[in-house]
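Chemist: here is my input, please return the structure:
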Amino acid sequence: MEWEATGTALPELIACPEPGCGVPAGVVDRFVLASTSGPVEHVKTWCLDGHGFTQRVDALTGWPMIRVPRPAGTTG
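Modeler: Here you go, the predicted model:
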């Protein structure tokens, strides 16, 4: 996923930031908030267990990406 305003590339799925959860989470919204040092890009994420978080993009990119195995017999 890439946002046109900043060109910041994000993974489609990340590990849920809730301690101990670890199920896939996805970015559901992206927006910019003003700050005293300039605009800061934020994202809202939700995991499959219903945990929702809003955080800065720079905090998001440090989390590991979930690797989902492909079903046998598929290509791509």
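Chemist: which residues of this protein score low on pLDDT?
Modeler: By pLDDT under 70, the weakly predicted segments of the chain are 1-11, 61-76.
Chemist: let's see it at 90
Modeler: When residues are selected by pLDDT under 90, those of the chain lie in 1-30, 41-43, 48, 55-76.
Chemist: so where do the strands sit in it?
Modeler: 13-15, 24-33, 40-47, 52-56 (DSSP state E).
Chemist: could you dump these into TSV and include mean neighbour count?
Modeler: C-beta coordinates here come from the backbone N, C-alpha and C atoms, glycine included. As requested, the strands of the chain are exported to TSV (neighbours: other Cβ atoms under 10 Å):
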stretch	mean neighbour count
strand 13-15	19
strand 24-33	15
strand 40-47	17
strand 52-56	13
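Chemist: how much space is there between the nearest residue to His51 once chain neighbours are set aside and Thr54?
Modeler: Counting by Cβ to Cβ, 6 or more residues apart in numbering, Glu18 is the residue found nearest to His51 once chain neighbours are left out, at 4.2 Å. As for Glu18, its distance to Thr54 is 13 Å (criterion: Cβ to Cβ, to the nearest Å).
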